[in-house]
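Peer 1: fold the stuff below for me.
(one chain, ligands or ions: 2)
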Amino acid sequence: MAIDRFGRNIHYLRISLTDHCNLRCIYCMPEDQIFRPKAELMQDDEILQLTRLFASLGFDKIRLTGGEPTVRANVVEIVRGIAATPGIRSISMTTNGLMLARLAAPLKEAGLQRVNVSIDTLDPQKFQRLTRWGKLEQVWDGILAAEAAGLTPVKLNAVVVKGYNEEDVIDLAALTLQRPWQMRFIEMMPFAGPTDIQTGQIITAAQIQAQIESEFGPLEASGSYDGEARIFRIRGGQGELGFISSVTVPFCAACTRARLTAEGVLRMCLLREKEIDLLTPLRAGASLEELRQLILDAVWNKPWGHGLEDGYIPLNRAMNQIGG
Ligand code: SAM
Ligand code: SF4
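Peer 2: Numbering: from 1, shown residues only. Ligands and ions are numbered 1, 2, ... in the order given. The predicted structure follows:
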């Protein structure tokens, strides 16, 4: 078991498969973002070696992310390898959904259990403006393919940005009236890249909830969390709503996560710059024991929480270079 100095059991690893992406969402990266050469990224066998190492330390939950994980070559075989790793009991993916119409069934067959699909609006024009060129229809087809393949319960993520999609939260929330989906609204967080948008155009989870309640009446609180999301329901709805208020109401005390970037660097807090390189020692022939110790030390020193309230913004990476 990997325990930090505050007694938190860190057992959830988010692995970024690539920093590359087939979209350029305005709140994630600049349009001219430069991606890393593939040779600098973890190779397939390195991802599986590191997964086995984390699993041997008690990590049992994996989420694949990016960049866009589905643009990674061999993504299906990587999923298969991770799913077959002893000790891994949960494997999910966060994706923009563009490739899911083709990949949902093979990913499910390889062992993927669930997906979170990002969809910030149901308006095709606004979707294009937010993603710079994305086609909403393709994402929608991807969501339906994920549901048909049994990658369920389907969870949808929306980042809400002032001037772009704040009114759209009502249509998104309405999806849960007829469908057993979980629609999650995320407060925008600040990183390198589009920092001005991220700090200047944030809509808080409380504002999003108020807007949804102005249309549907008071939401029913479940009183529970799903990961970092506080869970609610529209009265009579089939699905759920989740609010992720990382900026205004952090959930750091309950955080059990670590992140492995696509180039094999361990980041113990999404919103802190400190990182521990694992790929360089792995490639230099470090022993399993040495690598295990690097991870255990990093876990022990996991920061208590982020410092956004004190004006601290992590600027060493854009969001796509970390893995959300
Ligand atoms: N490309 C995939 C996707 O978009 O779902 C996975 C990677 S993306 C970085 C993971 C999640 O982070 C997505 O739900 C995305 O909307 C969210 N995200 C990106 N930039 C963000 C920001 N500045 N603040 C909060 N969430 C953000
Ligand atoms: Fe790509 Fe996801 Fe970032 Fe959008 S949020 S640019 S889909 S990595």
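
Peer 1: what ranges do the strands span in the stretch 1-150 of the chain?
Peer 2: In the stretch 1-150 of the chain, the strands defined using DSSP state E, counting those that start in this stretch lie at 12-16, 61-65, 90-95, 114-118.

Peer 1: of these, which is nearest ligand 2?
Peer 2: strand 114-118 (5.9 Å; C-beta to the nearest ligand atom). C-betas here are computed from N, CA, C, even on glycine.

Peer 1: and the strands of the stretch 1-150 of the chain: which comes nearest A286?
Peer 2: Checking these against A286 by C-beta to C-beta gives strand 12-16 as the closest, at 18.7 Å.

Peer 1: can you pull the contacts of A229?
Peer 2: 182, 184, 242-244 (C-beta atoms under 8 Å, 6 or more residues apart in numbering).

Peer 1: restrict these to those near ligand 1?
Peer 2: Among those, no residue is within reach of ligand 1 (C-beta under 6 Å from any ligand atom).

Peer 1: just those residues now: which is nearest L278?
Peer 2: So of the contacts of A229, ranked by how close each gets to L278 (C-beta to C-beta), first place is I244, at 27.6 Å.

Peer 1: and the nearest residue to that closest one once chain neighbours are set aside, what are its bridge partners?
Peer 2: Leaving aside its chain neighbours, I244 sits nearest to I186 (4.5 Å; criterion: C-beta to C-beta, 6 or more residues apart in numbering). Judged by DSSP bridges, the bridge partners of I186 are V159, I244.

Peer 1: wait, isn't S245 in contact with E187?
Peer 2: Yes. The pair S245 / E187 is scored as a contact, 5.3 Å apart, by C-beta atoms under 8 Å.

Peer 1: mutual contacts of those two, please.
Peer 2: 204-205.

Peer 1: JSON lines please, covering the strands of the stretch 1-150 of the chain and showing distance to ligand 2, mean neighbour count and mean pLDDT.
Peer 2: Formatted as JSON lines, those follow (distance: least, C-beta to the nearest ligand atom, whole Å; neighbours: other C-beta atoms under 10 Å; pLDDT from 0 to 100):
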{"stretch": "strand 12-16", "distance to ligand 2": "9", "mean neighbour count": "24", "mean pLDDT": "98"}
{"stretch": "strand 61-65", "distance to ligand 2": "8", "mean neighbour count": "23", "mean pLDDT": "98"}
{"stretch": "strand 90-95", "distance to ligand 2": "8", "mean neighbour count": "22", "mean pLDDT": "98"}
{"stretch": "strand 114-118", "distance to ligand 2": "6", "mean neighbour count": "24", "mean pLDDT": "98"}
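
Peer 1: export those to a markdown table and tack on distance to L151?
Peer 2: What follows is the strands of the stretch 1-150 of the chain, written out as a markdown table (distance: least, C-beta to C-beta, whole Å):
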| stretch | distance to L151 |
| --- | --- |
| strand 12-16 | 17 |
| strand 61-65 | 12 |
| strand 90-95 | 8 |
| strand 114-118 | 5 |
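
Peer 1: so for G237, which of those sits nearest?
Peer 2: Between the strands of the stretch 1-150 of the chain, strand 114-118 lies closest to G237; by C-beta to C-beta that is 18.8 Å.

Peer 1: what about the closest one, near ligand 1?
Peer 2: Yes. Applying C-beta under 6 Å from any ligand atom, one finds strand 114-118 in contact with ligand 1 at S118.

Peer 1: pairing partners for that strand, with directions?
Peer 2: Counting by DSSP bridges, strand 114-118 is paired with strand 90-95 (parallel), strand 155-159 (parallel).

Peer 1: please save the CA atoms from it in CSV.
Peer 2: C-alpha atoms of strand 114-118 as CSV (Å, rounded to 0.1, in the frame of the first residue of the first chain):
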residue,chain,number,x,y,z
ARG,A,114,-16.0,2.8,-18.6
VAL,A,115,-15.4,6.1,-20.4
ASN,A,116,-15.9,9.7,-19.6
VAL,A,117,-16.6,11.7,-22.7
SER,A,118,-16.1,15.4,-22.9
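
Peer 1: contacts for that strand next, please.
Peer 2: 25, 92-97, 100, 104, 107, 139, 142-143, 146, 151-159, 184.

Peer 1: minimum distance to ligand 2, which residue of the stretch 151-300 of the chain gives it?
Peer 2: V159 (7.6 Å).

Peer 1: what is the burial count for that residue?
Peer 2: 25 (other C-beta atoms under 10 Å).

Peer 1: which ones are touching it?
Peer 2: 25, 27, 118, 120, 186, 188.

Peer 1: pick out the most distant pair among those residues.
Peer 2: S118 and M188, at 12.7 Å, using C-beta to C-beta across the contacts of V159.

Peer 1: what ranges do the helices span in the stretch 101-250 of the chain?
Peer 2: Using DSSP state H, counting those that start in this stretch, the helices of the stretch 101-250 of the chain run over 124-131, 136-149, 169-178, 195-200, 205-216.
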